[in-house]
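>>> I need the structure of the sequence given here:
(chains A and B, ligands or ions: 2)
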Amino acid sequence: MEDVLATTDGIIDVHGADQEALVEILREVNEVSGHLSREQMQRIASRLSLPLSKVYSVASFYSLISLEPLGKHVVRFCQDAPCHVVGGQQVWEALEHELGIPFGATSLDGEWSLLTTSCIGACAVGPVMMVDSDIHGNLDPQKVREIIARYRGEERSGGIV
Amino acid sequence: MAYRAHVIISGDPQQAQPVTVALLDEIGLLGLSNEIEVLAATDLTVATPSIEAIVYPDGVHYRDLTPDNARLVATEHLLKGRPVQNLMVQEQAVEPLDEPSTKEVRVVLRNVGVINPESIDDYIAQDGYAALGKVLTEMTPDGVLAELKTSALRGRGGAGFPAWMKWTFARNAPGDQKYVVCNGDEGDPGAFMNRRVLEGDPHSVLEGMAIAAYVIGATQGYLYVRAEYPIAIRTLRVAIEQAREYGLLGKDIFGTGFCFDLEVRMGAGAFVCGEETALMESVQGNRGQPRTRPPFPATSGLWGKPTNINNVETYANVPQILLNGGAWFAAMGTEKSKGTKTFAIAGKVKRTGLIEVPLGITVREIVYDVGGGVLNDKAFKAVQTGGPLGGCIPEKHLDMPVDYESLASVGSAMGSGGFIVMDEETCMVDMARFFMEFAQEESCGKCVPCRVGTRKMLDILEAICAGKGKPGDIEALETLGRSVKIGSLCGLGQGAPNPVLSMIENFREEYEAHIYDKRCPAKVCRALIEYKIDPETCIGCTRCARNCPVNAITGIARQPHVIDPEICIRCGICAQVCPVNAVSVE
Ligand SMILES: Cc1cc2nc3c(=O)[nH]c(=O)nc-3n(C[C@H](O)[C@H](O)[C@H](O)COP(=O)(O)O)c2cc1C
Ligand code: FES
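Ligands and ions are numbered 1, 2, ... in the order given. I've put the predicted structure just below:
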């Protein structure tokens, strides 16, 4: 907990304790900690002299900021039209089936979160998904199974590909 | 240090990055970091979306690289000296990567893929910052405005408002502090033109913004870029740093006393933040909800101060207009829509990717000459432009010129430049449902017509797709759509009904087939189709039964199989795995 709050303080120091920087601070804290906890929001509120409700209202508005802890791997599937037209629906179902969780959920073992994203500008190779920060394109159900298996495999071999 | 070999990686930067990272990592693991240099070249690979690499001095050309096979190239080729044959481009298949098709003209994209985006010297060598120098030392703000007026440049972010007029409003607005803002939120699904400009030629945008600042009297600018574009953001930060070092940003630019500096601000995932007033709220650290207009940003924008906001592409056009003259620019395009426009072609078309064409080109020329035609030579159905707030252009308008007025006249819009091609296998009810879902999710909730209206329209569309449509649904969509358009606060609600309305107008019979005949002519809507196995063709290989996720397929080996429609969830896996194409959709 102390660590997390120290990190939060560090990020605030970089941007300045200014309401103007609120969105940037929230996004960065979220990026570093994986999600934004109540304690972190409280710390940000008191440092920026804002009511907690204000911090919460801004944090909950933006889709890249998560108020819940996410899985170890986060899959973000592009749900926008260009990817949909080229077979996104099949990939969508294959993902739910392969990970055994519906969209928006995190698996009980904390390994996977399955989220959607809006267009990431890789439409020329759609359907597209991001696993953590890697972009995978030209997906079909078979490729999805292979990619997920690869990430699972990495865990077993201790992170070395 | 002399390197033994160089690897040049090219391709879309956002997709190439994981490959580069994997390659560098593997080279490091193999202890070759001092021997091999990896360089990135961004290019405009319209024809092949693949990540490619050339290894020098051998001159071996690889394509379709992934992080995994990049590691393979490192161990096999770079370490052991054995080029990986199956990843190499076969000589006759080599296409010139950078050759624009004959219908294309590159103004905004002229430097993308040509210069190193991280080198300001490269940009200066292409006449970069010459326009800013000319403006600051030889021109008055009014002279710049006159030139812009001659060029008739219109905003590239959607509405197409004349740039010179917007700048004039901001110039004339009283205020001691003014701002210029660049809209790089690019939220339209299917649009990534701005990203490539920011990644490939960032200084052209900075230069355009500095010129705008001089004209309106601003000293501070903000570039708002969506967080989904990390490479664009990094490139911009490098560019700003270099421009400061060269004295092209900061204090006393070109020794004229003019001061201007810039900051990059990142979004955090909200489509509505592309709307100009919502964007300003977000820059100020608030929820990105639109403000009521008027007052317009030109008089009351960031922190209530006069602010000029333009799209990335609008700014990128400015330096060249001032160097070559407004008349040069106005010579391209149509009477009311001058210059060129970038589009991102996606969907069911052979060559997807980024293009730049003179306005006034026809839809047919874009689809067939630039895009190479419909994928798998299927029948063309429509093109969606203007994203989730635009509309579709059906076959009968294929020969229509692409300009602001023509697109609007058929119920579509220029938008920021998404261009999604749809073929006979695209269901127009499903597409409309899809766009409405997007608008409903992205509605910020501030005003009722948009928040509730999009939900109601989505409910109706979902029912129609699920085979539960009833008579009167089409009319209800039309009435609701008109009300939402009139009643909403910002462009999101005002545009959200457009896709549905334009699809109903052009493809009404498809809606009727769903509602009255319970049939989906494009065979997309799950509830209205059935998968069948042709007993004559089926060879009883059991592959479909083994792959069916819900065990809906029964049959004995070497005997025809059958699908139970009650259990079948219509996922289509059986059709994909069948080796003899015995599965059909009805
Ligand atoms: C919901 C919505 C989303 C928008 N998204 C963008 C966007 O991503 N990029 C953009 O440049 N303009 C976008 N706009 C248009 C802007 O509000 C504004 O008109 C534009 O930035 C003005 O620049 P221009 O005159 O150079 O086109 C959007 C408008 C609405 C209503
Ligand atoms: S629509 Fe999926 S990446 Fe653009």
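
>>> how about the helices in chain A?
Using DSSP state H, the helices of chain A run over A:2-15, A:22-33, A:38-47, A:52-59, A:81-83, A:89-99, A:141-156.

>>> For chain A, what lies in contact range of ligand 2?
A:C78, A:D80, A:P82, A:C83, A:C119, A:I120, A:G121, A:A122, A:C123, A:G126, A:V128 (C-beta under 6 Å from any ligand atom). C-beta here means a position set from N, CA and C on the backbone, and glycine is covered the same way.

>>> residues making contact with stretch A:31-44?
A:1, A:4-5, A:7-9, A:11-12, A:22, A:25-26, A:29-30, A:50, A:52, A:55-56, A:59, A:65-70 (C-beta atoms under 8 Å, 6 or more residues apart in numbering or on different chains).

>>> Pull that stretch out as CSV, backbone CA atoms only.
This file holds the C-alpha atoms of stretch A:31-44, laid out as CSV (Å, rounded to 0.1, in the frame of the first residue of the first chain):
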residue,chain,number,x,y,z
GLU,A,31,-1.0,2.4,-16.2
VAL,A,32,1.6,1.8,-13.5
SER,A,33,-0.7,0.0,-11.0
GLY,A,34,-3.0,-1.8,-13.4
HIS,A,35,-6.0,-0.1,-11.9
LEU,A,36,-7.0,2.8,-9.7
SER,A,37,-7.8,2.0,-6.1
ARG,A,38,-9.9,4.1,-3.7
GLU,A,39,-6.8,4.9,-1.7
GLN,A,40,-5.1,6.2,-4.7
MET,A,41,-8.0,8.4,-5.7
GLN,A,42,-8.2,9.7,-2.2
ARG,A,43,-4.5,10.6,-2.3
ILE,A,44,-4.9,12.3,-5.7
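
>>> show me what contacts A:L114?
A:V75, A:F77, A:L95, A:E96, A:L99, A:I101, A:P102, A:F103, A:G104, A:A105, A:T106.

>>> Next up, the contacts around the fourth one.
Pointing back at A:E96 there. Counting by C-beta under 8 Å, 6+ apart, A:E96 touches A:P102, A:F103, A:L114.

>>> Restricted to strands, list those.
Members of those lying in strands (criterion: DSSP state E): A:L114.

>>> Leaving out sequence neighbours, find the closest residue to B:A439.
Once flanking residues are discounted, B:A439 sits nearest to B:A496: 3.7 Å by C-beta to C-beta, 6 or more residues apart in numbering or on different chains.

>>> Neighbours of the residue in the stretch 251-400 of chain B that ligand 2 sits nearest to, how many?
Of all residues in the stretch 251-400 of chain B, B:A346 sits closest to ligand 2, at 6.9 Å by C-beta to the nearest ligand atom. Using other C-beta atoms under 10 Å in any protein chain shown, B:A346 has 30 other residues around it.

>>> pretty sure it contacts B:G190?
Yes - counting by C-beta atoms under 8 Å, B:A346 does reach B:G190; the two are 4.8 Å apart.

>>> Report pLDDT for the residue in the stretch 401-550 of chain B positioned nearest to ligand 1.
Proximity of the stretch 401-550 of chain B to ligand 1 (C-beta to the nearest ligand atom) peaks at B:G491, 2.4 Å away. With respect to pLDDT, B:G491 scores 91.

>>> I'd assumed B:G274 was in contact with it.
No - under the criterion of C-beta under 8 Å, B:G491 is not in contact with B:G274, lying 9.0 Å apart.

>>> what about the most far-flung residue of chain A relative to its centre, distance to ligand 2?
Distance from the C-alpha centroid of chain A peaks at A:S49, with 27.8 Å (C-alpha atoms, centre = their mean). In this view, A:S49 and ligand 2 are 40 Å apart by C-beta to the nearest ligand atom, to the nearest Å.

>>> Can you report phi and psi for that residue?
phi 50, psi 50 (degrees, to the nearest 10).

>>> Tell me how chain B divides into domains.
In terms of domains, chain B is parsed into B:5-90, B:120-330, B:340-423, B:428-516, B:530-585 (source: automatic domain parsing).

>>> Equivalent analysis for chain A, please.
Chain A breaks down by automatic domain parsing into domains covering A:2-61, A:73-157.

>>> rewinding a little: for ligand 1, state which of the residues of chain A next to ligand 2 is nearest.
Of the residues of chain A next to ligand 2, the one sitting nearest to ligand 1 (C-beta to the nearest ligand atom) turns out to be A:C119, at 10.5 Å.

>>> about what we covered before: mind listing the residues bridging to the residue of the stretch 251-400 of chain B closest to ligand 2?
Beta-bridge pairing for B:A346 (DSSP bridges): B:I420.

>>> what about residue 152, how many neighbours?
Picked chain A for this. 13.

>>> you looked at the wrong chain, it should be chain B
There are 19 residues near B:A152, going by other C-beta under 10 Å.

>>> and the residue of the stretch 401-550 of chain B closest to ligand 1, what does it touch?
Contacts of B:G491 (C-beta under 8 Å, 6+ apart): B:G158, B:A159, B:E275, B:L389.

>>> do that again at 10 Å, thanks
B:G491 makes contact with B:G158, B:A159, B:V272, B:G274, B:E275, B:E276, B:T277, B:A278, B:P290, B:R293, B:L389, B:A413, according to C-beta atoms under 10 Å, 6 or more residues apart in numbering or on different chains.

>>> Now a PyMOL select for only the buried ones of those residues.
In PyMOL, this line selects whichever of the contacts of B:G491 come out buried by 16 or more other C-beta atoms under 10 Å in any protein chain shown:
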select buried, chain B and resi 158+272+274+275+276+277+278+290+389+413
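
>>> Report the buried members of the contacts of stretch A:31-44.
A:8, A:11-12, A:22, A:25-26, A:29-30, A:50, A:55-56, A:59, A:65-66, A:70.

>>> ok, back up a step: could you point out which of the contacts of A:E96 is nearest to B:D430?
Using C-beta to C-beta, A:F103 comes nearest to B:D430 of the contacts of A:E96, at 17.8 Å.

>>> For the closest one, which non-adjacent residue is spatially closest?
Here the residue nearest A:F103, using C-beta to C-beta, 6+ apart, is A:L114, at 5.5 Å.

>>> what do you get for A:E28?
A:E28's closest residue in space is A:I11 (C-beta to C-beta, 6+ apart), at 5.0 Å.

>>> ok, now which ones touch the one you found?
A:A21, A:E24, A:I25, A:L26, A:R27, A:E28, A:V29, A:E31, A:V32, A:S33, A:Q40, A:I44.

>>> Of those, grab the buried ones for ChimeraX.
To isolate the buried ones among those in ChimeraX, judged by 16+ other C-beta under 10 Å, type:
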select /A:21,24,25,26,27,28,29,33,40,44
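
>>> In the contacts of A:I11, find the pair that's most separated.
So, these by C-beta to C-beta: farthest apart are A:A21 and A:S33, at 17.4 Å.

>>> Low-confidence ranges, the chain, go.
Assuming you mean chain A. Applying pLDDT under 70 to chain A flags residues A:1, A:154-161.

>>> Can you look at chain B instead?
Applying pLDDT under 70 to chain B flags the ranges B:1-2, B:42-49, B:59, B:90-101.

>>> What residue in it comes nearest to ligand 2?
B:P189 (4.6 Å).

>>> about what we covered before: okay, and the common contacts of B:A346 and B:G190?
Common neighbours of B:A346 and B:G190 (C-beta under 10 Å, 6+ apart) are A:80-83, A:85, A:119, A:123-124, A:126, B:352, B:384, B:418-420.

>>> Quick check on those: which are buried?
Neighbour-count burial (16+ other C-beta under 10 Å) is assigned, among the shared contacts of B:A346 and B:G190, to A:80-83, A:85, A:119, A:123-124, A:126, B:352, B:384, B:418-420.

>>> With distance to B:R237 as added columns, please give those in TSV.
Formatted as TSV, these follow (distance: C-beta to C-beta, whole Å):
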residue	distance to B:R237
A:D80	27
A:A81	31
A:P82	29
A:C83	29
A:V85	35
A:C119	23
A:C123	25
A:A124	26
A:G126	29
B:T352	29
B:Q384	34
B:G418	27
B:F419	30
B:I420	32
